[in-house]
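A.B. asks: coords please:
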Amino acid sequence: MERSTKGIFDFLCSQMEKLDKKQISVEALKAHGNTAKQLNNVLKYELDRAKAMKKYPDMQIREVEDNG
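C.D. replies: Residues are numbered from 1 along each chain as shown. A predicted model of the protein is given here:
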């Protein structure tokens, strides 16, 4: 799957087609939808962070991702 909102959208559309063909269950589609929602939240966070870094170039923004 492409790691973008378009990729998430394309994946969900393909899953809906599979549901129509009874290749997956409603529960599986719900699980995919919940995961897609979480992925979209991460993409939104990254976009908001990039905007803040551009708007406030002198601000020290903590690198949360490096604390693992």
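
A.B. asks: name the spans of the chain whose pLDDT lies under the cut-off.
C.D. replies: 1, 63-68 (pLDDT under 70).

A.B. asks: who touches the closest residue to Leu12 other than its chain neighbours in this structure?
C.D. replies: Setting aside the residues directly before and after it, Leu12 is nearest to Ala36 in space (Cβ to Cβ, 6 or more residues apart in numbering), at 5.6 Å. All C-beta spots, glycine's among them, are computed from the backbone N, C-alpha and C. Contact criterion Cβ atoms under 8 Å, 6 or more residues apart in numbering gives 8, 11-12 as the residues in contact with Ala36.

A.B. asks: which strand or helix spans the spatially most central residue of the chain?
C.D. replies: The centroid of the chain falls nearest to Leu39 when counting by Cα atoms, centre = their mean (2.2 Å). Using DSSP states H and E, Leu39 maps to helix 26-55.

A.B. asks: ok, and for that helix, which residues are buried?
C.D. replies: Of all the residues in helix 26-55, those buried under the rule 16 or more other Cβ atoms under 10 Å are 32, 36, 39.

A.B. asks: excluding chain neighbours, what is closest to the last one?
C.D. replies: Of all residues not flanking Leu39 in the chain, Ile8 sits nearest, at 5.7 Å (Cβ to Cβ, 6+ apart).

A.B. asks: quick check: angle from the host helix or strand of that neighbour to helix 26-55?
C.D. replies: Ile8 is located in helix 5-20, with elements delineated by DSSP H and E. Using axes from the mean of the first three to the mean of the last three Cα atoms, to 10 degrees, the inter-axis angle of helix 5-20 relative to helix 26-55 is 170 degrees.

A.B. asks: give me the buried positions along helix 5-20.
C.D. replies: Residues of helix 5-20 classed as buried: 8, 11-12, 15 (neighbour count, 16+ other Cβ under 10 Å).
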